[in-house]
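Colleague: just need the structure, nothing else, for what follows:
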Amino acid sequence: MPRVLVVTYQWLPMFSAGVRQVANLCRYLPAAGWEPHILTKDWSDGAAPEDAPLGMSLQPIDGVPALKSAGSLPVVLAPYQLRDNRWMRWHARADAARAAHGPLSPHTWLRWALDATYPLYGDYPDQHRGWVEPAVAAGMAAVRQYGISAVVSVCPPATAHIVGGEIARRVGIPWVIHFADLGSFYQGPGDGRSRRERWESHTLAKQWLQGAARSACISPAMVSYVRATYGVSGEVVVMPFDPEERRVAPHRQEGAPLRLVHVAAIYPDDQRPEVLFDALDALLDAGSLASTDIVVEFVGSGCEGWLAERVQGRACESMIRITERVAPSEAVRMQREADVLLAFNHQRENTYTRDGTLRYPGTIFEQWNAGRPTIAVGPDHGGFLWQLLIDSGTGETADDAPMLAAALLRLRDELRDTGRIAFHGDETAIARYGAAEQARRLGGVLDAASFERFGSWQRAR
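Modeller: Numbering: from 1, shown residues only. The predicted structure is shown next:
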């Protein structure tokens, strides 16, 4: 069986949604004909300040089959080295001087000049740039030691693609880029960059992705975007659920309120939980709903303080419960025992994307596996997630507060009439997004990349 080096910054013993999703794929890759070896950061000292955006933490993994299985995979560790050079020191000094002497000081011009060239010497494309050199060295040694036949790098973070590409180009083996999120590889309206910064970022990104044989992306629109922007063709490979996390019927107490649960991170500058608060407030103000009819639980949002501020003083405040991160097995249990699961569509990129959905909640397929209906809040009408929910029968989207309010009333009435909320998911459609099928698709992408590089699968194997 050929061996593939999976370059993923996020990995055990740390836990995040990214760790879980990559573990799901790696667990089933051998059945698709590829033996995974993991290249990751040395996490012996735990998470560092630069890891905060990834939501990494130490969590017990008992009760999560994919994570326990992934713990036995061959792992290559590379240390993180803090970057330090004269340009970064000058940049820091110019920044401090500008703050001390005002925006009209000469330091402002120095800072502007250093900003213009920062991607060439600084922590770019992200704060994990210091991992590149040690990871490339460790990856090269792993290729020689284990006889690696191909490389898959997983973004986010974007730095993983720099590592994967450098290893693959040096040793001449096929390289597949897997995008769970485009991250800084998205170039376009809404990315917060000036025209100069966008040109600079695009130039560097094309250089970093040079030599990629295939892409694996989480939506058709993302496949098209990567092909059009970087010239790399690919297939849709989503971040899947593990079918061994069995479903159970929700355990309800008679007369308990309708229980809505959201177990995932929330991005305040992108997703819009306020739509839910507006819907609940409107129903309460109209007298259509009592505050004891519904309870909403936000678990592991990563922005608990922000959520508490947004709900403070609202009519629906007593209906909202905010819980910090829980163990993975507890998150699975909470999803299974909910009446309805919530997802919040990403709005920042979708607003500027005319050709389809580039980004959607990464835990959506885990929610399907829980066997509970989903409401995706925020506009995605006609988009990829909207179509998935319709085709699978697993839920619906609510573009705005009035649509969501109508859905909540309907669900409240169903609970009163029948004592439970029915799940109408199409099991055949759902299974297509499980880890076994998605690993098979990734194996097919690796086969195609190997055929292109070596001329036959047999030589790659």
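Colleague: does residue 6 count as helix, strand or coil?
Modeller: In three-state terms, and counting by DSSP: H, G, I helix; E, B strand; the rest coil, residue 6 is strand.
Colleague: quickly list what it is bridged to.
Modeller: residue 38, residue 152 (DSSP bridges).
Colleague: now for it, how many residues are close by?
Modeller: 28 (other C-beta atoms under 10 Å). (C-beta placed from N, C-alpha, C; glycine too.)
Colleague: list the contacts of it.
Modeller: Neighbouring residues of residue 6 by C-beta atoms under 8 Å, 6 or more residues apart in numbering: 22, 26, 36, 37, 38, 39, 152, 153, 154.
Colleague: redo that, cut-off 6 Å
Modeller: Going by C-beta atoms under 6 Å, 6 or more residues apart in numbering, residue 6 touches 36, 38, 152.
Colleague: tell me the strands beside the helix or strand containing residue 178, with direction?
Modeller: Residue 178 belongs to strand 175-179 when elements are defined using DSSP states H and E. Strand pairing for strand 175-179, determined by DSSP bridges: strand 148-155 (parallel), strand 214-217 (parallel).
Colleague: would you map the strands across the stretch 301-450 of the chain?
Modeller: 320-323, 340-344, 374-377, 395-398 (DSSP state E, counting those that start in this stretch).
Colleague: still on that earlier bit, scan the contacts of residue 6 and report the most crowded one.
Modeller: Neighbours here mean other C-beta under 10 Å. Within the contacts of residue 6, the largest count is held by residue 152, at 31 neighbours.
Colleague: before we move on, back to that, got the contact list for the strand holding residue 178?
Modeller: 151-155, 161, 164, 168, 212-217, 222, 445-446, 449.
Colleague: quick one: mean pLDDT over it.
Modeller: Strand 175-179 shows a mean pLDDT of 97.
Colleague: give the next helix or strand downstream of it.
Modeller: helix 195-208.
Colleague: pull out the buried positions in that next one.
Modeller: Across helix 195-208, burial judged by 16 or more other C-beta atoms under 10 Å covers 197, 200, 201, 202, 204, 205, 208.
Colleague: just put those residues in JSON lines and tack on distance to residue 361.
Modeller: Shown next, in JSON lines, are the buried residues of helix 195-208 (distance: C-beta to C-beta, whole Å):
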{"residue": "197", "distance to residue 361": "28"}
{"residue": "200", "distance to residue 361": "31"}
{"residue": "201", "distance to residue 361": "26"}
{"residue": "202", "distance to residue 361": "27"}
{"residue": "204", "distance to residue 361": "29"}
{"residue": "205", "distance to residue 361": "25"}
{"residue": "208", "distance to residue 361": "27"}
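Colleague: now distance to residue 348 and pLDDT too, for these, in TSV please.
Modeller: Listed next are the buried residues of helix 195-208 as TSV, based on distance: C-beta to C-beta, whole Å; pLDDT from 0 to 100:
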residue	distance to residue 348	pLDDT
197	17	80
200	21	85
201	17	87
202	19	88
204	22	90
205	19	92
208	23	93
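Colleague: which one of the residues you listed is nearest residue 439?
Modeller: The closest of these to residue 439 turns out to be residue 208 (C-beta to C-beta; 25.9 Å).
Colleague: need the helices for the stretch 51-200 of the chain, in chain order.
Modeller: 65-70, 86-101, 106-116, 118-121, 132-146, 159-171, 195-208 (DSSP state H, counting those that start in this stretch).
Colleague: what's the fourth one packed up against?
Modeller: Counting contacts by 3 or more C-beta pairs under 6 Å, 6 or more residues apart in numbering; DSSP states H and E, helix 118-121 is packed against no other helix or strand.
Colleague: ok now it, how far from the chain's centre?
Modeller: Centroid displacement of helix 118-121 relative to its chain, using C-alpha atoms, centre = their mean, to the nearest Å, is 26 Å.
Colleague: for that helix, buried residues please.
Modeller: For helix 118-121, by 16+ other C-beta under 10 Å, it's 118, 119.
Colleague: for that helix, C-alpha coordinates in CSV please.
Modeller: What follows is helix 118-121, C-alpha atoms only, in CSV (Å, rounded to 0.1, in the frame of the first residue of the first chain):
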residue,chain,number,x,y,z
TYR,A,118,5.8,42.5,5.2
PRO,A,119,4.7,39.3,3.4
LEU,A,120,8.3,38.9,2.2
TYR,A,121,9.8,38.7,5.7
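Colleague: about what we covered before: now for the strands of the stretch 301-450 of the chain, which one comes closest to residue 270?
Modeller: The nearest among the strands of the stretch 301-450 of the chain, by C-beta to C-beta, is strand 340-344 at 8.6 Å.
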